[in-house]
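Asker: Just a sequence and a predicted model for now, questions to come.
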Amino acid sequence: MKRTVLFSLYAIALLTLSAPALLAQGPKSGDDALTLRARAFIAALAKGDFAQAALDFDATMAKVSGPDKLEALWTKQLPAQLGPFGKQGAARRERMQDYEIVLVTCSFAKSDIDVRVVFDKAGKIAGFGLVPTAPPVSYGPPAYADPAKFEEREVTVGSGEWALPGTLTVPKGAGPFPGLVLVHGSGANDRDEELGPNKPFKDLAWGLTSRGVAVLRYDKRSKVHGKKIVADPKLEATMTVKDETVDDAVAAAALLQRTAGIDPKRVFILGHSLGGFLLPRLALAAEPLGVAGYISLAGLTRPLDETILRQMNFIRMLSGAAATSEAEMKKIRDVEAAVAKIKALTDADRGSTVKILGAMPAYWLDLSGYDPPALAKTVKRPMLFLQGGRDYQVQTVDLENWKKALESRPDVAFKLYPRLNHLFFAGEGLITPLEYVQKHGSVAEEVVADIAAWMAKH
């Protein structure tokens with residue numbers, strides 16, 4: 001059997017690097033309303049009532065995967081691969097980008113498989129597919145973290161209407177200690193940058209603090225204040241990366257500098273994914289603070305809109321281009337059209353409230369013409385660029401782009417980790433999006449060691 005059957009690529013095309021309004025979080029349990037609807041959909045398929053099963057399809061699914069297509073899949077294609085359908089089992093929830101996803105483990109004669117039902121914001125079924133069943137996994141702290149060496153306390157980043165809750169992890173002892181601010185990737189991330197059973201920012205915080213570095217991490221503005229932003233179209237229409245990411249990162253660095261026990265001259269900023277992409281802008285905004293240096297983990301160098309399309313095409317190729325469904329190709333064409341719209345935006349579109357790829361035109365216009373490596377040349381502080389070799393969201397070519405622009409500078413360093421993915425935990429073979437939500441991995445200890453050593457050097 002192929003790795004996936006009718007894999008709903010457009011529902012999980014991106015994870016931590018993606019359009020700004022897109023969300024990603026781990027499994028949830030319980031038969032809530034959407035889970036019950038997913039079970040009803042599967043029950044209709046099992047009964048052979050394909051018209052009933054298709055009632056909640058969105059317009060694209062209704063057009064390309066109607067009752068006739070469902071019947072062919074359920075009565076011919078699946079039995080040939082899996083045998084007759086048996087029964088439904090446990091269900092779990094995921095949230096990925098703008099979609100709510102329900103996975104129901106179903107027993108067929110030859111194998112158990114997860115039926116993945118994807119719901120859009122309107123509650124319509126925007127896709128479904130079959131993916132290998134994976135046992136439940138949960139987060140565990142990395143072996144290199146030693147809680148006996150540090151303590152944590154709650155802090156508030158910023159003030160007023162955009163204040164954000166955060167956690168400061170501090171080594172035990174008098175200090176003063178070097179400090180590090182962690183800046184998230186895309187989406188409404190929490191302070192741990194949680195994705196499925198993985199918490200890379202918690203790994204970094206605990207690992208680095210065990211090595212004598214104080215670490216500040218905080219919930220992202222789009223997570224804490226997302227409902228407020230979305231409820232006000234005019235407010236959302238003016239939101240840019242400065243509002244979403246840059247301002248809060250600078251506020252976090254300022255907070256760390258004035259915290260007792262922290263050496264204000266040894267405060268650094270680390271950006272992951274989108275945070276790495278924005279690192280040059282963060283550096284320029286934080287220049288008045290005299291931040292000691294900047295670290296990029298999987299920092300993109302190419303346009304964000306083009307990257308969304310590139311990642312979707314990568315996932316499409318996982319099951320072979322010939323196996324791509326009509327619904328998935330329609331989504332690819334829709335994204336291609338959206339990218340073209342983004343390229344055609346002008347200042348006249350800045351006040352528009354019509355979203356493109358999950359973000360308002362003002363957001364895309366703020367990134368128009370942004371060349372991270374070129375801007376990084378103007379950053380006066382030391383920089384470190386780290387990249388995983390198994391990362392399909394941000395690729396090794398991005399690390400090479402940073403190198404081409406900056407390798408002549410003695411205060412800039414680069415490192416590639418061949419076995420690490422976008423979350424910087426190790427794996428083998430061809431990577432798929434499921435690796436991030438079905439497997440638990442800790443940020444590699446060598447990454448933590450390299451960051452600590454580089455900070456000590458600078």
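Answerer: Happy to help now that I have it.
Asker: ok, the closest residue to Gly212 other than its chain neighbours - how many residues close by?
Answerer: Residue nearest to Gly212 in three dimensions, not counting chain neighbours: Pro171, with 5.2 Å by CB to CB, 6 or more residues apart in numbering. Where you see a C-beta, it was placed from the backbone N, CA and C, and this is true even at glycine. Neighbour count of Pro171, defined by other CB atoms under 10 Å: 20.
Asker: which ones are touching Pro171?
Answerer: Contact analysis of Pro171 by CB atoms under 8 Å, 6 or more residues apart in numbering lists Lys149, Phe150, Phe177, Thr209, Ser210, Gly212, Val213, Ala214.
Asker: Quick check: bridge partners of it?
Answerer: Phe150 (DSSP bridges).
Asker: all helices of the stretch 251-400 of the chain, in order?
Answerer: 274-277, 279-285, 304-318, 326-343, 361-367, 372-376, 396-406 (DSSP state H, counting those that start in this stretch).
Asker: Show me where this structure has its strands.
Answerer: For the chain, the strands defined by DSSP state E cover 23-28, 85-97, 99-108, 112-119, 125-132, 150-157, 164-171, 177-183, 214-218, 262-272, 293-297, 383-388, 412-417.
Asker: Which one of those strands lies nearest to Arg333?
Answerer: Judged by CB to CB, the one of these that comes nearest to Arg333 is strand 125-132, at 14.9 Å.
Asker: Make a markdown table from the strands of the chain and add distance to Trp454 and mean pLDDT to it.
Answerer: Below are the strands of the chain laid out as a markdown table (distance: least, CB to CB, whole Å; pLDDT from 0 to 100):
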| stretch | distance to Trp454 | mean pLDDT |
| --- | --- | --- |
| strand 23-28 | 28 | 32 |
| strand 85-97 | 33 | 85 |
| strand 99-108 | 38 | 90 |
| strand 112-119 | 41 | 90 |
| strand 125-132 | 39 | 85 |
| strand 150-157 | 20 | 98 |
| strand 164-171 | 18 | 98 |
| strand 177-183 | 11 | 98 |
| strand 214-218 | 15 | 98 |
| strand 262-272 | 9 | 98 |
| strand 293-297 | 7 | 98 |
| strand 383-388 | 5 | 98 |
| strand 412-417 | 6 | 98 |
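Asker: circling back to that earlier point, and the contacts of Pro171, which of them are buried?
Answerer: Phe150, Phe177, Thr209, Ser210, Gly212, Val213, Ala214 (16 or more other CB atoms under 10 Å).
Asker: Next one: the third one from Asp203, what distance?
Answerer: It stands for Thr209. 11 Å (CB to CB, to the nearest Å).
Asker: Of the strands of the chain, which is nearest Ala251?
Answerer: Using CB to CB, the nearest of these to Ala251 is strand 150-157, at 5.5 Å.
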